[in-house]
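A.B. asks: Okay, predicted coordinates and the sequence, questions at the end:
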Amino acid sequence: MRQLAVAAALFAALLPGTASARPVAADSASIGAVPTGHVYFWPEPGQMGGAWDYAPPGFKAAEPPVKRSAGSFDSHASVTVYAISDQPGGRCLYRAIYPDDYSDNWDWAGKFDGVSDTTMGCQAG
């Protein structure tokens, strides 16, 4: 079953299209294999819990359990992507996530609302 979940995740990663953001099977995330071109976000520090997957280009709103609660991330995207945080009054902040960047205890955990391949006009935060 584990091999099937990993194979399905790899097949989906190879399909062309718009930005992908989807939950990743916990057992595929637990083997530590973030596919090239993807960024995984976990709800807990230490890359624990079910991973949420983003692959540029485009913007994707974060989904539970990582929305406003992304305790860690690992980027294997080939480009810089930007974590987006919605602020009161229609403002927003961004935090750059560089290729091969990661955090096992992300200080943006409580701010994470989505991710994009542009700053979306937000201010650095």
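C.D. replies: All right, it came through fine.
A.B. asks: Assign a three-state SS to the residue in the chain sticking out farthest from the centre, would you?
C.D. replies: Using C-alpha atoms, centre = their mean, the residue of the chain lying farthest from its centre is Gly89. It sits 25.1 Å away. Secondary structure state of Gly89, per DSSP: H, G, I helix; E, B strand; the rest coil, is helix.
A.B. asks: Return the per-residue confidence for the residue nearest to Ala124 when sequence neighbours are not counted.
C.D. replies: Leaving out its chain neighbours, the residue that sits closest to Ala124 by C-beta to C-beta, 6 or more residues apart in numbering is Tyr94, at 6.3 Å. Using the backbone N, CA and C atoms, a C-beta is placed for each residue, glycine as well. The model reports Tyr94 with a pLDDT of 98.
A.B. asks: Could you export the helix or strand containing Tyr94 as CSV, CA atoms only?
C.D. replies: Tyr94 belongs to strand 92-97 when assigned by DSSP states H and E. Backbone C-alpha positions of strand 92-97 (Å, rounded to 0.1, in the frame of the first residue of the first chain) are rendered in CSV as follows:
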residue,chain,number,x,y,z
CYS,A,92,-0.7,40.9,3.1
LEU,A,93,2.8,39.9,4.0
TYR,A,94,5.1,37.5,2.2
ARG,A,95,8.1,35.4,3.3
ALA,A,96,10.5,34.1,0.6
ILE,A,97,11.1,30.3,0.5
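A.B. asks: Check which helices and strands whatever helix or strand comes next after that strand sits against.
C.D. replies: As assigned by DSSP H and E, the chain's next helix or strand after strand 92-97 is strand 102-103. In terms of contacts (3 or more C-beta pairs under 8 Å, 6 or more residues apart in numbering; DSSP states H and E), strand 102-103 is packed against strand 72-75.
A.B. asks: Sheet partners, orientation included, of the strand it packs on?
C.D. replies: According to DSSP bridges, strand 72-75 forms sheet pairs with strand 39-42 (antiparallel), strand 102-103 (antiparallel).
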